[in-house]
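# With the input below, show me the fold.
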Amino acid sequence: MASIYTVDASVFLNGFNPYEPGHEVSRRFLEYLREQALPLIEPTLLLPEVAAAVSRGRQDADLARRFAGALSRLPHLLLIPLNETLAQQAVALAADHRLRGSDAVYAAVALRFGSTLVTLDREQRERVADVIPTRLPAEALEDLRP
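A predicted model of the protein is given here:
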């Protein structure tokens, strides 16, 4: 497995929300990535996605901004803007694998950079598994642990 990851917003949000099932595993996975300074290659889309979910779920715009801001400052994070080339890769993945638009953007980033896509979205995971290494947070954590 690659030691470069593209982590879907679902995992960041799950790790943030202690009331969600699977929270502890997502939190431990993200913490391990941070501790080991393993590269995270993410679409810039990650930031508004997590901000929207936190703001809507918690009814707290300031918390949403702080959470997105904290993610953007992770030292091992590389944010990839959605340019024309990446958009066309996402279009192809969306069409060929019947993905939602945002899911296709994460998949396009993972495909372009040869990273492992870590997601809690079953549909996203299953539909691109033939072209991109995909893992659940628990599986990725298992892969990483000595």
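# residues near residue 12, how many?
For residue 12, the count of nearby residues is 23 (other CB atoms under 10 Å). No exception for glycine: its C-beta is placed from N, CA and C like everyone else's.
# In terms of helices and strands, where is it?
Assessed by DSSP states H and E, residue 12 sits inside helix 9-16.
# Which SSE is immediately downstream of that helix?
Using DSSP H and E, the first helix or strand after helix 9-16 is helix 23-36.
# That next one vs helix 9-16, what angle?
Regarding helix 23-36 and helix 9-16, their directions subtend 100 degrees when assessed with axes from the mean of the first three to the mean of the last three CA atoms, to 10 degrees.
# list the helices and strands helix 23-36 packs on?
Packed against helix 23-36 by the contact rule (3 or more CB pairs under 8 Å, 6 or more residues apart in numbering; DSSP states H and E) you find strand 5-7, helix 9-16, helix 137-144.
# switch to 6 Å and redo it
In terms of contacts (3 or more CB pairs under 6 Å, 6 or more residues apart in numbering; DSSP states H and E), helix 23-36 is packed against helix 9-16, helix 137-144.
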